[in-house]
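Peer 1: When you get a sec, could you give me coordinates for this:
(2 chains)
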Amino acid sequence: MRVTLKRVHKSFQQKGQRVQALRDINFSIEEGEFICVIGPSGCGKSSLISLIAGLEFPDSGEVYVDSKIVDGPSKDRLVVFQEAALFPWLTVQENVEFGLKLQKVSLAERNQRAFEALKMVHLTRFLNAYPHELSGGMRQRAAIARALVMDPKILLMDEPFAALDAQTRQLLQEELQTIWQKTKKTIFFVTHNVREATFLSDRVFEISARPGTIKKEYPVRIPRPRVEQDPQLLMLQTKIMGSLKDEIDKVAKEQLDLDYGLDKNIDQVPAERNLGSNI
Amino acid sequence: MIRNFFYHDSMLLKIIRQVIFYSLLYFLWLFLFNLKLWPSYLFPSPAQVGETFISIYKDKTLFSAIFVTMKRLLLGYGISVVIGVAIGLVIGKIRVLDETLGGFFVGIQTLPSICWLPLAILWFGLSEAAIIFVVIMGSLLSVTIATDSGVKNIQPMYLRAGRNMGARGIDMFLYVIFPAALPSIVGGLKQGWSFAWRALMGAEIVFATLGLGHLLNVGRELNDMSQVMAVMIVIIVIGIVMDMLVFGSLERKFRKLWGLEKS
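Peer 2: Prediction:
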C-alpha cells in the first residue's frame, strides 16, 4: 500500500481566526517504510495523521491510498494516539478486541488474536487489568496492540511516546523497531524528538513552523538494528537539530513576549570562566 | 491516637464515627424533648415515635405502604431512566435537537414536578397512571439533561479512537458514547432518583390511597405527630440505603475506573 499526499492544504478555526496548519504538502510513503515527521510544536504534524487516517479532510488537495482518495477511517490505517486513548471502562483485553468486536469477529478468534497482539508488546500478564492500573508505558503498549490486532497496512503514530519518561521511551523505541522488522508494517510516526526520529526511521520529514510545509527530507541510511550511540546517527541528529532550531525560534518569537531573544547575548557566560581559572 | 480517630481510613473507624454521630443526634432529640419546650403531641419523644413505628409495623400498614410506594417509584423511575438516557444521548450528539429540545427541556425542568399533578389527574383520572406520570415527569428531565451533558463532556480522544477503529452510528452510541458518558449519567440517575422520590411523595400526600405519603397525611389528619415522624424517618432511611447500595457504589466504581480514586 502506498500513501500519497498531493498539494494538500489544511487550515482550522482558532479563536475565530482561520489558521493555516499545512501548506502545499506533497509526499508519498512506500509500502513497508518507516517515516518520521518532525517539527516544532503546533506545526500541523498531528493534522497529517488525521488526514491520512481519514478523521479529517484537506481543504484542497488529495490524500491517496494506492489510487483511491481517502474518504473516511479504515481499518487499514490505524492511529496510536499520544494519550493512548484506551477506553477506561474496558479491560486491556477488551480494549484490544474492540475493533474486532465491531467487525463481528468470533469470540474465539478475537481472544486468540488479542493474545497474540499483546504478546508482541509483552503485556499478556495484564489481560484483565483496567487502563487505570497500568503505567504510562504499559498503556502505550496496549494502544499499540490495539492497533496491531486489526492488522492494518499502515500504523499512524501521533507522538506516542511523548508523555513517557526517558527510560521507558528508549525501551519502547527499541521494541517498536523490532515490531516493525517482524511485521513489516508501514509506519508513519510523528514526533518532536530528533533522536527518536533518526533512531527509528528510513526517512525523516522536517516540517517548518506554521504554516507547515515540508522543509527538508533526510534519508537515514543506517543499518538496523540501530544503537542509540551510533556516530552516524549523532551526526545526522546535529544536522537536523540545527535546521530545526530556526523553526523553533520562529515559533517562540511568534508566541512569547516581544523581548524574547534580545537578551540572549547578555546571559552568556564569559569565555574565561570556562578556561580552568579555578584549578 | 485522637488524630487517627478523625483521619484514619478504615471501615471500622468509619462505622464507629457514624454510630457516634447518630447517637449524638438521638441524645440531642431526647434532651430537647426533656426540656418540655413544646407539648409532647407536637414534639414526641424518641420512645413515642418508636412505639408508633412498632405498631404500624405490626399491623402491616407500614409494610404495605412501603410496598405500594416502591412499586410506583420503581415503575415511574425505570421508565424515565430508559427514556431519559435515550433522549439525552441523542440530544447530546445531534445539534438541531440540542438547540431546540435541549433548551426546552431545561425550561421545563424548572417546573416543580407536583405541578404536573392537576394535568395528570385530568388526563388519567384519579388512578395509578396519574401518579406514575408525575413521577416520570419529575425525574425524566434531570436524567435527560445529565446524559446530554455527559455526552458533551466526553473527551474527544475517545470518540476519535472509536471512529478510528471503525465504530459508526449505533455501534458508536452503544460501545463508545454511552459508556464514556456513564459517570455523568450515574450522577443524573442519582439526581433523578431523588426528584422521583419527591414527586411521588408530593403526589401521594395530595391525592393517593396507600403509600408512604398517604400514611404521612393520615398522621396529620389524626393529629398523630409520632406517626408523621416515624414515616419521615422511614423515608429518609430508604433514601440513605438506596444511595449507599446503588448510586454510591456505582459512583465509586466509575471514579476508580477513570483513575480518579485509588483502588
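Peer 1: quick one: the closest residue to B:P44 other than its chain neighbours from B:F67, how far?
Peer 2: Distances taken as Cβ to Cβ, 6 or more residues apart in numbering or on different chains place B:S226 nearest to B:P44, at 4.2 Å, with adjacent residues excluded. Backbone N, C-alpha and C define where each C-beta goes, glycine included. B:S226 sits 22 Å away from B:F67, going by Cβ to Cβ, to the nearest Å.
Peer 1: Looking at these two, which has the bigger crowd around it?
Peer 2: B:S226 (23 against 14; other Cβ atoms under 10 Å in any protein chain shown).
Peer 1: so that one touches B:T52, yeah?
Peer 2: Yes: with contacts counted by Cβ atoms under 8 Å, B:S226 reaches B:T52, the gap being 4.2 Å.
Peer 1: how about the lengthiest helix in chain B: buried residues?
Peer 2: Taking DSSP state H as the criterion, chain B has its longest helix at helix B:61-93. In terms of neighbour count (16 or more other Cβ atoms under 10 Å in any protein chain shown), helix B:61-93 has its buried residues at B:61-62, B:65-66, B:68-69, B:72-73, B:76-77, B:79-81, B:84-85, B:87-93.
Peer 1: what do you get for stretch B:167-184?
Peer 2: Buried residues in stretch B:167-184, defined by neighbour count with 16+ other Cβ under 10 Å: B:167, B:172-173, B:175-184.
Peer 1: TSV for these, including distance to chain A and secondary structure?
Peer 2: Rendered in TSV, the data for those read as follows (distance: Cβ to the nearest Cβ, whole Å; DSSP: H, G, I helix; E, B strand; the rest coil):
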residue	distance to chain A	secondary structure
B:A167	6	coil
B:M172	9	helix
B:F173	13	helix
B:Y175	7	helix
B:V176	7	helix
B:I177	11	helix
B:F178	10	helix
B:P179	4	helix
B:A180	7	helix
B:A181	10	helix
B:L182	7	helix
B:P183	9	helix
B:S184	13	helix
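Peer 1: Out of those residues, which is nearest to B:Y26?
Peer 2: Of all the buried residues of stretch B:167-184, B:Y26 sits closest to B:P183, with 36.3 Å by Cβ to Cβ.
Peer 1: so where is the chain shaky, pLDDT-wise?
Peer 2: Since you didn't name a chain, this refers to chain A. Judged against pLDDT under 70, the low-scoring parts of chain A cover residues A:261-279.
Peer 1: nope, chain B please
Peer 2: Within chain B, the ranges that satisfy pLDDT under 70 run B:1-9, B:262-263.
Peer 1: what does it have sitting close to chain A?
Peer 2: B:157-158, B:160-161, B:163-167, B:171, B:175-176, B:179-180, B:182, B:256-259, B:263 (Cβ under 8 Å from any Cβ of the partner chain).
Peer 1: do you know how far A:L55 is from chain B?
Peer 2: As defined by Cβ to the nearest Cβ, to the nearest Å, A:L55 lies at a distance of 6 Å from chain B.
Peer 1: Just to be sure, that residue is in a helix?
Peer 2: No: per DSSP: H, G, I helix; E, B strand; the rest coil, A:L55 lies outside any helix segment and is coil.
Peer 1: What strand or helix carries A:I35?
Peer 2: strand A:34-38 (DSSP states H and E).
Peer 1: how about the residues of the stretch 51-200 of chain A near chain B?
Peer 2: A:53, A:55, A:73-75, A:78-79, A:81, A:83, A:85-90, A:98-99, A:101-103, A:130-133, A:146, A:150.
Peer 1: Tell me the buried residues within these.
Peer 2: A:53, A:55, A:73-75, A:78-79, A:81, A:83, A:85-90, A:98-99, A:101-102, A:130-133, A:146, A:150.
Peer 1: where along the stretch 51-200 of chain A do the strands fall?
Peer 2: Using DSSP state E, counting those that start in this stretch, the strands of the stretch 51-200 of chain A run over residues A:60-65, A:68-69, A:77-80, A:154-158, A:186-191.
Peer 1: For the ones you listed, could you give me CSV that also reports distance to A:R221?
Peer 2: Converted to CSV, the strands of the stretch 51-200 of chain A look like this (distance: least, Cβ to Cβ, whole Å):
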stretch, distance to A:R221
strand A:60-65, 27
strand A:68-69, 31
strand A:77-80, 26
strand A:154-158, 22
strand A:186-191, 18
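Peer 1: Please identify the most buried of these.
Peer 2: Neighbour counts (mean count of other Cβ atoms under 10 Å in any protein chain shown) averaged over each of these peak at strand A:77-80, with a mean of 27.
Peer 1: tell me which strands and helices that one is in contact with?
Peer 2: helix A:45-53, helix A:136-148, strand A:154-158, helix B:156-164 (3 or more Cβ pairs under 8 Å, 6 or more residues apart in numbering or on different chains; DSSP states H and E).
Peer 1: Let me have the ones you listed in JSON lines, adding distance to B:S249 as columns.
Peer 2: Putting these into JSON lines (distance: least, Cβ to Cβ, whole Å) gives the following:
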{"stretch": "helix A:45-53", "distance to B:S249": "39"}
{"stretch": "helix A:136-148", "distance to B:S249": "26"}
{"stretch": "strand A:154-158", "distance to B:S249": "37"}
{"stretch": "helix B:156-164", "distance to B:S249": "24"}
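Peer 1: Right, I'll call it a day here.
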